[in-house]
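Engineer: Build me a structure from this.
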Amino acid sequence: MVRFSEEDRTTIWDIREAGVPVTRAAKHLDRQNSSLRRFIADHGGTRPTERQRSELRLSLEEREEISRGLAAGLSIRAIADARPLAVSDRSHGRSTTTSRRTSRP
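Structural biologist: Below is the predicted model:
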């Protein structure tokens with residue numbers, strides 16, 4: 001399997017959207033036609049949408065805070081109560097159950 005850098009991927013999709021034939025795009029990137037065709041086919045022929053994490057999910061910092069609290073022997077309720085309520089938490093209405101779901105294996 002041929003790997004493409006992020007820059008090459010962007011170039012491939014830009015060239016593809018401009019209507020340039022795969023053979024010309026492959027020459028531009030100094031790659032074989034088959035590797036470009038495979039890359040394009042693996043993505044269904046269209047540029048993948050950029051992934052974005054839902055705002056309802058816990059951030060990495062929140063997960064680490066929960067993990068540290070559990071390692072220190074604190075209960076989920078104690079971890080949630082000790083945590084100052086941030087503006088983003090108020091808008092999402094996070095509760096103790098959000099922390100509890102994170103700690104389950």
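
Engineer: Could you use CA atoms for every contact and neighbour count after this?
Structural biologist: Will do.

Engineer: what's the residue closest to the geometric middle of the protein?
Structural biologist: The centroid of the chain falls nearest to Arg51 when counting by C-alpha atoms, centre = their mean (5.2 Å).

Engineer: Any idea which helix or strand in this structure has the lowest mean pLDDT?
Structural biologist: Ranked by mean pLDDT, DSSP states H and E, the weakest helix or strand in the chain is helix 87-92, scoring a mean of 46.

Engineer: next SSE after the helix or strand encompassing Ala41?
Structural biologist: When elements are assigned from DSSP states H and E, Ala41 belongs to helix 33-42. Later in the chain than helix 33-42, the nearest helix or strand by DSSP H and E is helix 60-71.

Engineer: picking that back up, roughly how far out does the helix holding Ala41 sit from the chain middle?
Structural biologist: Computed by C-alpha atoms, centre = their mean, to the nearest Å, the chain-centroid distance of helix 33-42 equals 23 Å.

Engineer: Buried ones in that helix, by neighbour count?
Structural biologist: Within helix 33-42, the residues that qualify as buried by neighbour count (16 or more other C-alpha atoms under 10 Å) are 33, 36, 39-40.

Engineer: Put together CSV for the residues you listed, with distance to Glu65 and pLDDT on each row.
Structural biologist: Output for these, formatted as CSV (distance: C-alpha to C-alpha, whole Å; pLDDT from 0 to 100):
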residue, distance to Glu65, pLDDT
Asn33, 49, 90
Leu36, 43, 91
Phe39, 40, 92
Ile40, 41, 91
